[in-house]
Each structure stands twice: as C-alpha cells, then as structure tokens.
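**Q** From the sequence below, what's the structure:
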Amino acid sequence: MPTPKERLLSSQNLRMTRIPSQTFSSRRFEEIGWWKWKSAKTSPSSKHNYLLRSPLYRPVKEVYRDFGGRVMRSAVINNSPFFGIVVNPDGSATPDSGIDFNVLNTLRNKLNFTYQLVITEDGQWGGEQPNGSFTGMIGKVQRRQAHFAINEITITALYSGTLTAVLTVPSFEKPIDSLTDLLDAVIKDGFKPIVVRGTSNEFIFRDATSGIYKQLWDVFDPKDRYVYSWDEGIDKVIAGKYVFANAYLGAVIRAKRRGLHKYHFAKNTFYPQSYGMACAHGAPYKTLFDTLLIRLTSAGLVQKWTKDEVNKVKSADSDSSSDPGAITLIQLQAAFFILFIGYFLAAIVLVVEGIVGVCSKSKTSA
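**A** Below you'll find the model as predicted:
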C-alpha cells in the first residue's frame, strides 16, 4: 500500500501529465478541473493525513445537464396520438408525430442528446409477469435494451350509443359514467368490458385483490375480454354491447374519426392522468427528467400539444348533415356585443338628454 508521500507524488505526476484529446479519433476524455491533496493533522499525536481539498467528480446533476450528444435508446409503441412512428423496410423506426414525440424532442434539445427508437415486438405498454419479468416497453427498459420509455395514460370507459336514444328511450340503456355503473351494466344489461391485452388497462383490473377493480375483473368474459389494438377496441364497441376501457385522449381521437355521435364517454375517469418516463433502475438522469416533465406540464406545453393532435383529426361528424350541432356561447358572442353596445349608446343618450335638460332649465330661470 502506498504511503501518503507516494500518493502525493503520484497525484502530482498525474497533474503534470496531460493527454491531448486530439490524439483520439473520438472524444473519450474531458477536462473537468484540478484537485490537490491537503495535508492535515486530525490529532496532535497522529501523523499527517492527506485529504482531497475538493471533490474529484462533478455532481451528477451537473454532469447530466449536458449529455454531450450521447445516443439514448427510447422504447416506443406505435400509438397515435401519443407516439406515431413509421417502420422502415430495414425494421428501424422513424418518429412521425404525437405528444410524446414533442416531449422527447424538447428533452433532446434541452439536454443535448440524440435518440434511437426501439420498437417492442409485442406492441404492449408493459406489465409484470408471474416470473418477475416485464413485457412491452417496460420490459425493454428492464432488460437494458432501452434507456427509457415514455407514455401517457388516462383511462375512461367508452361504449356505443347515441345521446338522443338515451334521453328518449329510458328503458334502452342508461349512460355508463363510473365503474359502479359499468358493473351494473355488465350484470343487469349484458355488457362486456374489454381492454387491450398487455397494457396497464388490463393490469389494473387483473392484479386487483379487492374493491371495484376486483369485482369488475371477476365479471370479465374470459373468452371475450381482450382486443389487440386500440382501433380494434373502438370498432368492437359499435359492433355489439361492449365497454372499452382505454386512454381517454386516444379513444376520443379514434371515435372522432368514426363519428363522435356513435359513442358515449363516461363522465368520470378512473385512472389518474399522469406523464412520466420509465427509466432503467438506478438511472442518474431520472431526477432531471422528472423535473423537466413537471416544468413542461406546468407551462401548459403538454396541453398545447394535446390540443394540436386533436385538431389534426378530421371528424366524421363534419361530413354528416343529420345534426347541425349545438349553438355555443362563442357563436352567440357577437349578439351580446351588439346588445352591450346598444345599452352603452342608450346610456350616453340618456346622460346627454339630462345635461341638455338641466342647461335648458338654467337658461329659462335666468
């Protein structure tokens, strides 16, 4: 074991020796600062102890404020409007559009990294299996095949029906606006709840041990409870008495393409809306990602990108002449402005008449 003096000489030699990064084909070393050994006595009877005057490494937060162009692998699934991708002939994926696409590009520009997309073979978001492994995007992260996965999840109940039929035919089918309503509709009216297999929508019911989630899973039809894509679930709702539990935004956009008047959306969501990124265990940049995602959400950017995606979709209802649509306050605001202007002008005339009347009386009395 080297003595303190030998360690001091070694550190001095390291300090005197500088390796120019130009000698390497790519940057592998980066100068981050200097350090010195500091001599100190911990007690009068002890010998000199040599301590570092300052930390040898930069804090993790400072290191990952700039990724230096590092290539990050992001696990994705083709799930518009969250992350739309185009699969190339060679099997690679190119990002196309979506809310997550905008979020990821913002993080890339802020932290100075590039990314490659890793497609999940099963097309699933990901959930835990009995052996402890995970499927889908989460499985890619768990197996270190991707650095992170990003997705937004909000679940609501969706079933087919028209508002007119619900209002005019009470005995037909009442609106399903909560999980309790869904349970009653399954037991009394023969509705079948369905979910996309291998998503968190499935696991929240399947893994429940008590409460309404467990009660609902017990009445799922084992032979007819899964669909394998979001579009399949939306289409199945129209084909029969099915209730599709799905992310709210994705369901609205897909229903908009087919005609919103064909669907009823529950008033109550049963899975809190959240935005997050699944990172590999122990990832030092996780806290930084969390902070930036909170800022993006608080600044209203995620809501703005969400609105942009909804506005991109052409509604099938726009081609239908059967329902002109309800008149909104925005459409009536011009009438209110004209009414307000009329009141304002009338008030001015009244004031002027009063002033003229007062002046006339003054002249008469004079």
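
**Q** make it CA atoms for all contacts and neighbour counts henceforth
**A** Will do.

**Q** what about G259, how many neighbours?
**A** 18 (other CA atoms under 10 Å).

**Q** Does it touch S315 like I think?
**A** Yes: counting by CA atoms under 8 Å, G259 touches S315, with 6.4 Å between them.

**Q** can you give me the helices in the stretch 101-250 of the chain?
**A** Residue ranges of the helices in the stretch 101-250 of the chain, as given by DSSP state H, counting those that start in this stretch, are 136-142, 163-168, 179-189, 200-206, 211-219, 230-239, 248-258.

**Q** Okay, buried residues for the third one please.
**A** Put plainly, it is helix 179-189. 179, 182-183, 185-186 (16 or more other CA atoms under 10 Å).

**Q** and what of the fifth one?
**A** Of the residues in helix 211-219, those with enough neighbours to count as buried (16+ other CA under 10 Å) are 213, 215-217.

**Q** and it, what does it pack onto?
**A** With contacts taken as 3 or more CA pairs under 8 Å, 6 or more residues apart in numbering; DSSP states H and E, helix 211-219 sits against helix 179-189, helix 200-206.

**Q** any chance of those in TSV, plus mean pLDDT?
**A** Converted to TSV, the helices and strands packed on helix 211-219 look like this (pLDDT from 0 to 100):
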stretch	mean pLDDT
helix 179-189	87
helix 200-206	83
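
**Q** looking at the ones you listed, which is closest to F67?
**A** helix 200-206 (31.2 Å; CA to CA).

**Q** Show me how far that closest one is from its chain's centre.
**A** Using CA atoms, centre = their mean, to the nearest Å, we find the averaged C-alpha position of helix 200-206 to lie 18 Å away from the chain's own average C-alpha position.

**Q** how close does Y263 sit to Y248?
**A** Relative to Y248, Y263 is positioned 13 Å away (criterion: CA to CA, to the nearest Å).

**Q** my bad, F270
**A** For F270, the distance to Y248 (CA to CA) stands at 10 Å.

**Q** When those two are compared, which one has more neighbours?
**A** In terms of neighbours (other CA under 10 Å), Y248 is the more surrounded of F270 and Y248; the figures are 19 against 15.

**Q** So for the more buried one, what's the pLDDT?
**A** You'll see Y248 listed with a pLDDT of 78.

**Q** what do you get for D308?
**A** Note on D308: pLDDT of 88.

**Q** burial count for A149?
**A** By the other CA under 10 Å criterion, the neighbourhood of A149 contains 25 residues.

**Q** surely it meets G136?
**A** No: counting by CA under 8 Å, A149 sits too far from G136 to count as a contact (9.8 Å).

**Q** Where does the prediction get shaky in the stretch 1-150 of the chain?
**A** Applying pLDDT under 70 to the stretch 1-150 of the chain picks out residues 1-56.

**Q** what about the strands in it?
**A** Ranges of strands within the stretch 1-150 of the chain are 37-40, 49-52, 70-76, 84-87, 93-97, 113-119, 148-160, based on DSSP state E, counting those that start in this stretch.

**Q** And for the stretch 251-366 of the chain?
**A** Remark: strands assigned in the stretch 251-366 of the chain by DSSP E, counting those that start in this stretch are 263-265, 271-279.

**Q** that older thread, ok, which of the helices and strands packed on helix 211-219 comes nearest G240?
**A** Each of the helices and strands packed on helix 211-219 was scored for nearness to G240 using CA to CA, and the closest is helix 179-189 (12.3 Å).

**Q** Right, I'll call it a day here.
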